[in-house]
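Asker: here's a sequence, model it:
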Amino acid sequence: MASTPDYYKTLGVPRSATASEIKKAFRKLAREHHPDAGGDEAKFKEINEAYEVLSDDKKREMYDQYGTANENQIPFQGGNPFGGGNPFGGGTYTYTTSGGGNPFGGAGGGGIDWADILESLRNGEGAFGTNWDFGGGARQAQPEKGADKKVTLTVSFDEAFNGAEKKVRVVNPETQEKETLTIKVPAGAMEGGRVRMKGKGHPGANGGAAGDLLVTIKIAPDANFSRKGADVITKLPVSIDEAALGAQIVVPTPSGKKARVRVPAGTQDGAVLTLKGQGAPRLGKNASGTGDLKVEIEVKIPTTLNDEQKAALEAFKAATPESVRG
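Answerer: Have a look, this model is predicted:
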């Protein structure tokens, strides 16, 4: 009858080793000697046999006391809880991580936790790395697209309204050298809008395509115009008499042309007059046409008056007995 191996020596741990130390030693040796990784199959069997015994408290106690965990080899003991066969048998290995597929029977808390062991191997904790397929050797790493790269491009109001071509300097994902790209800013571009340039982002992995370059548009403040979606907003200062009596006033438009706006008599401060179709081009999947030009009225009150103006206002006051406050 062959003598039982020294399981402690097989795993390279002292007899006083804790369960955690035993498991750590087993994991290290299993990674080194797994047959699918080119390890020695006989050595791998010895490692598994040692861990199967020492990881089970009852089997370890029996082994420490009698020098074996096989009840058939213990005097006056009958019955073989393992069915009398070597759980490793011969041939290749097939491993499962749940159910009844545990080659060690899965009994008690001391069986080998293959779900844990194999998962650590698949996660690259050992010699197999991340590209190891336990079903049949090394597998081809899957291509992964690179991450997108994000930059911000500041443009003038006119460039956003009319469209423009702008230059930006970025790192080429293939050569890792700086290159100049031409960004086409579409007419009607809005604050926060994005332009996507395919394949100009971070490089991919394992032969995967490079990510994209995402250019976020920022519109610099303008002295005359602002935007609200496709609508353009401008402010129009008017005098007291223009607001009260009405007027025809020429205003600039964002296209560079001039337009005539009619200020109705009695126009109040803050009133908004609309010039249809004088705004920015609408952008979007189902968008069409252009927005409007919104003219906000600012009634300007003079801070100083000459004698003639004062007299005129006094006359106006005398002719207006009702109060604006009712």
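
Asker: can you show me the strands along this protein?
Answerer: Here the chain has its strands, by DSSP state E, at 132-133, 137-138, 149-155, 164-171, 178-185, 194-197, 213-219, 226-228, 231-238, 247-252, 258-263, 272-275, 293-299.

Asker: need those in TSV (columns: mean pLDDT).
Answerer: Below are the strands of the chain laid out as TSV (pLDDT from 0 to 100):
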stretch	mean pLDDT
strand 132-133	50
strand 137-138	52
strand 149-155	93
strand 164-171	90
strand 178-185	92
strand 194-197	93
strand 213-219	95
strand 226-228	96
strand 231-238	98
strand 247-252	97
strand 258-263	96
strand 272-275	98
strand 293-299	98
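
Asker: among those, which comes closest to K23?
Answerer: strand 132-133 (20.9 Å; Cβ to Cβ). Placement of C-beta: from N, CA and C, glycine included.

Asker: quick one, helices of the stretch 51-200 of the chain?
Answerer: Applying DSSP state H, counting those that start in this stretch to the stretch 51-200 of the chain gives helices spanning 57-66, 114-122, 157-162.

Asker: how far off centre is the last one?
Answerer: So that's helix 157-162. 31 Å (Cα atoms, centre = their mean, to the nearest Å).

Asker: what mean pLDDT does it get?
Answerer: Mean per-residue pLDDT for helix 157-162: 97.

Asker: cool, stretch 57-75 as well?
Answerer: pLDDT averaged over stretch 57-75 gives 77.

Asker: buried residues in it?
Answerer: Of all the residues in stretch 57-75, those buried under the rule 16 or more other Cβ atoms under 10 Å are 59-60, 62-63, 68-70.

Asker: now that stretch, how far from the centre of its chain.
Answerer: Distance, stretch centre to chain centre, for stretch 57-75: 55 Å (Cα atoms, centre = their mean).

Asker: export it to CSV, keeping only CA atoms.
Answerer: This file holds the C-alpha atoms of stretch 57-75, laid out as CSV (Å, rounded to 0.1, in the frame of the first residue of the first chain):
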residue,chain,number,x,y,z
ASP,A,57,-11.6,20.6,8.8
LYS,A,58,-12.7,16.9,9.4
LYS,A,59,-10.4,15.5,6.7
ARG,A,60,-7.5,17.5,8.0
GLU,A,61,-8.1,16.4,11.5
MET,A,62,-8.2,12.7,10.3
TYR,A,63,-5.1,13.3,8.3
ASP,A,64,-3.2,14.9,11.1
GLN,A,65,-4.2,12.0,13.5
TYR,A,66,-3.8,9.0,11.2
GLY,A,67,-1.6,10.2,8.4
THR,A,68,-4.4,9.6,5.9
ALA,A,69,-7.8,10.9,5.1
ASN,A,70,-8.9,7.6,3.6
GLU,A,71,-11.1,5.8,6.1
ASN,A,72,-10.3,2.5,4.6
GLN,A,73,-6.7,2.9,5.7
ILE,A,74,-7.7,3.6,9.3
PRO,A,75,-7.8,0.6,11.6
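
Asker: burial count for the residue nearest to P264 when sequence neighbours are not counted?
Answerer: Nearest non-adjacent residue to P264, counting by Cβ to Cβ, 6 or more residues apart in numbering: G246, 5.4 Å away. Around G246 sit 14 other residues, with neighbours defined as other Cβ atoms under 10 Å.

Asker: quick one, what contacts G246?
Answerer: Contact analysis of G246 by Cβ atoms under 8 Å, 6 or more residues apart in numbering lists 262-267.

Asker: out of the residues you listed, what pair is the most spread apart?
Answerer: Maximum distance among those (Cβ to Cβ): 12.7 Å, for R262 and G266.

Asker: count of residues packed around the nearest residue to I183 once chain neighbours are set aside?
Answerer: With sequence-adjacent residues excluded and distances taken as Cβ to Cβ, 6+ apart, I183 is closest to K166, at 4.8 Å. By other Cβ under 10 Å, 16 other residues sit near K166.
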